[in-house]
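Participant: I would like to see how this sequence folds:
(chains A and B)
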Amino acid sequence: MNFFKPFLPPDEREIIDGIAQNGTERKKGEERLFNRYAYFIKEAVYKYSLSQEEAFDLYSDTIISAIEKIANGSFQERSSLKTWVYQIFHNKYVDLLRKKSTNKNSIHHTLSMSDLLLQISDQSKTIIQKLVDKTDWEILRQRLAQIGDNCRQMLLLWADGYSDKEIAGLMEYKTSDVVKTSRLRCLEKLKQLYYTT
Amino acid sequence: MEYIDAYFNQQLGPEEARQFEQRISEDSNFAGEVAFYLSAKQALKEQVVLEKKEWFKELLAQNSSVNEAYHTGQVRKMWTYRVAAAAAILTCVFFAGYLFFSKSASPQQMADNYINENLKTLSVKMGARDSIQDGVRLYNKGQFDSSLQQFETILQRDSGNYLIKNYLGIVYLRLGNYDKALRYFRQLENYSTLFSNPAIFYQALTLLKRNQPGDKQKAKLLLQQVADNDLEGKQTAQQWLKKL
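Facilitator: Numbers count the residues shown, from 1 in each chain, chains lettered A, B, ... in the order given. Next up, the predicted model:
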């Protein structure tokens, strides 16, 4: 038992519980979380001398990251939600500063891919990383727009961390197995479009 | 693709996972498939982020209270501490009052609070640009009559669309036409296969807002139904049942 776990105010508890659910409750939770600390944007403009756009991006990235962590249970409630979100916000700001000073935008894909590659052994990881680096991201994005609304929505939900069961509920499929089959079919379709055109 | 999906969902056993990784080293076509799976997921994730940012922009534009929150929560000056001390005393008084009065909040107040918090704006579907979403955007701009017209037109074409019935119920509720709102929410209740259906909770909400003789009792029964059957709105229903 964690004796240092603080008592979360009801509004913070409501946000966390909302995001931990699925469907409309999750969406409402995400909206509440975004609105709750949106004043960080102006703080960043004044305190960190960022442009409005940079501050908005920083805050949006913070909220997206917070949503992901709450949804997968990484937020352990060792501090209040506000303190925790501010910590992410500050860390993102430090990352931004580093990025600005070293101009490392080009490694964006390599960095963000690392999460997905974590479970592969080192030798295979190197092979996959090299192949991923060859991806034509622009073409891939274009093909994504061409696979059809249903496929696109399903794949976007999958990439957003929704399980096949949750997608079944949201898109009104009968079972998660049907979603899985359709999702893999959509990925195949995307692959064919990517390689054949 | 299913094999690759199973690996990344950690559904393969240790031996199968080892074989999977070995195959990456030995079979360049397979390695290409794995790389594509990961690239596709990465490109999709980036798209999700872009669409969420677009949604956040809309939220920011809608939420004028953000600026107020900033102005009230910003620069600390000495006099603010004095004000804060006075406010602390007042807060205690108000809190005591709140504890006393919150138990007896009127049904209409509870309904109004819920509507202000949850139904003032409706979620716009990420990336979607269709007539339903146009209706939602009109609603979010406060153009209830236009959004009503939009939703009614769609319903004529697609009479079985549960989403439209939900939206129509909400718009009529906001317009104060509670009978029509109830009619649409009752129709929505018939869609029993939906994963999440707020129909019964919304009927209770409408009855509390209408507040005619007998409405409160009917609403209580509906809220009890929501709480007992773990339906959408359960948390709020439980809170309200304590207060009603």
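
Participant: Checking residue A:78 next. Helix, strand or coil?
Facilitator: Assigned by DSSP: H, G, I helix; E, B strand; the rest coil, the conformation of residue A:78 is coil.

Participant: List the backbone torsions phi and psi for it.
Facilitator: phi -80, psi -10 (degrees, to the nearest 10).

Participant: From residue B:191, how far out is it?
Facilitator: Residue A:78 sits 42 Å away from residue B:191, taking CB to CB, to the nearest Å as the criterion. All C-beta spots, glycine's among them, are computed from the backbone N, C-alpha and C.

Participant: Please identify which of those two sits among more neighbours.
Facilitator: Taking other CB atoms under 10 Å in any protein chain shown, residue A:78 and residue B:191 do not tie; residue B:191 has more neighbours (16 against 11).

Participant: any low-confidence regions in chain A?
Facilitator: Where chain A drops to pLDDT under 70, the residues are A:1-7, A:22-23, A:102-116, A:197.

Participant: Any idea which residue of chain A lies closest to chain B?
Facilitator: Using CB to the nearest CB, the closest approach of chain A to chain B is made by residue A:169 at 3.0 Å.

Participant: name the element that residue belongs to?
Facilitator: Using DSSP states H and E, residue A:169 maps to helix A:164-171.

Participant: The longest helix along chain B and chain A, are they touching?
Facilitator: If each helix of chain B is counted by residues according to DSSP state H, the longest one is helix B:28-62. Yes - counting by CB under 8 Å from any CB of the partner chain, chain A is contacted by helix B:28-62 at B:31-49, B:51-53, B:56-57, B:59-60.

Participant: For the helix or strand hosting residue B:181, name the packing helices and strands.
Facilitator: Remark: residue B:181 resides in helix B:178-189, with elements defined by DSSP H and E. Judged by 3 or more CB pairs under 8 Å, 6 or more residues apart in numbering or on different chains; DSSP states H and E, helix B:178-189 is in contact with helix B:162-175, helix B:199-210.

Participant: I'd like the domain boundaries of the chain, if you could list them.
Facilitator: The chain I'm using is chain A. Per automatic domain parsing, the domain ranges recorded for chain A read A:10-106, A:126-196.

Participant: Correction: the question concerned chain B.
Facilitator: As assigned by automatic domain parsing, chain B contains the domains B:2-62, B:75-102, B:107-243.

Participant: Columns mean pLDDT on top of the ones you listed, output as TSV?
Facilitator: Output for the domains of chain B, formatted as TSV (pLDDT from 0 to 100):
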stretch	mean pLDDT
domain B:2-62	88
domain B:75-102	63
domain B:107-243	85
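
Participant: hmm, back to that, buried residues of the helix holding residue A:169, list them for me.
Facilitator: For helix A:164-171, the neighbour count (16 or more other CB atoms under 10 Å in any protein chain shown) marks A:164, A:165, A:166, A:167, A:168, A:169, A:170, A:171 as buried.

Participant: Could you do stretch A:142-149 as well?
Facilitator: Result for stretch A:142-149 [16+ other CB under 10 Å]: buried residues A:143, A:144, A:147.

Participant: Of the helices and strands packed on helix B:178-189, which is nearest residue A:18?
Facilitator: Nearest of those to residue A:18, taken as CB to CB: helix B:199-210 at 14.9 Å.

Participant: Can you name every helix or strand that that closest one contacts?
Facilitator: Checking 3+ CB pairs under 8 Å, 6+ apart, helix B:199-210 ends up next to helix B:107-114, helix B:162-175, helix B:178-189, helix B:215-228, helix B:234-243.

Participant: most packed of those?
Facilitator: Mean neighbour count (mean count of other CB atoms under 10 Å in any protein chain shown) peaks for helix B:162-175 among the helices and strands packed on helix B:199-210, with a mean of 22.

Participant: That helix close to chain A?
Facilitator: No - applying CB under 8 Å from any CB, one finds helix B:162-175 separated from chain A by no less than 9.2 Å.

Participant: same for that helix, what does it pack against?
Facilitator: Contacts defined by 3+ CB pairs under 8 Å, 6+ apart place helix B:162-175 against helix B:131-140, helix B:144-157, helix B:178-189, helix B:199-210.

Participant: okay, those, which one's buried deepest?
Facilitator: Most buried of the helices and strands packed on helix B:162-175, by mean neighbour count (mean count of other CB under 10 Å): helix B:199-210, with a mean of 25.

Participant: related to what we said a few turns ago, would you list the helices and strands packed on helix B:199-210 in CSV and tack on distance to residue A:191?
Facilitator: As requested, the helices and strands packed on helix B:199-210 are exported to CSV (distance: least, CB to CB, whole Å):
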stretch, distance to residue A:191
helix B:107-114, 46
helix B:162-175, 32
helix B:178-189, 39
helix B:215-228, 44
helix B:234-243, 42
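
Participant: Figure out which of the ones you listed is closest to residue A:178.
Facilitator: Comparing these by CB to CB, helix B:162-175 comes nearest, at 19.4 Å.

Participant: CA atoms only for that closest one, dumped as PDB, please.
Facilitator: What follows is helix B:162-175, C-alpha atoms only, in PDB (Å, rounded to 0.1, in the frame of the first residue of the first chain):
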ATOM      1  CA  TYR B 162     -29.300   6.500 -33.400                       C
ATOM      2  CA  LEU B 163     -26.700   9.200 -33.300                       C
ATOM      3  CA  ILE B 164     -29.000  11.800 -34.900                       C
ATOM      4  CA  LYS B 165     -31.700  10.800 -32.400                       C
ATOM      5  CA  ASN B 166     -29.300  11.400 -29.600                       C
ATOM      6  CA  TYR B 167     -28.300  14.800 -31.000                       C
ATOM      7  CA  LEU B 168     -31.900  15.800 -31.700                       C
ATOM      8  CA  GLY B 169     -32.900  15.000 -28.100                       C
ATOM      9  CA  ILE B 170     -30.000  17.100 -26.800                       C
ATOM     10  CA  VAL B 171     -30.900  20.100 -29.100                       C
ATOM     11  CA  TYR B 172     -34.500  20.000 -28.000                       C
ATOM     12  CA  LEU B 173     -33.400  19.800 -24.400                       C
ATOM     13  CA  ARG B 174     -31.300  22.900 -24.900                       C
ATOM     14  CA  LEU B 175     -34.200  24.600 -26.600                       C
END
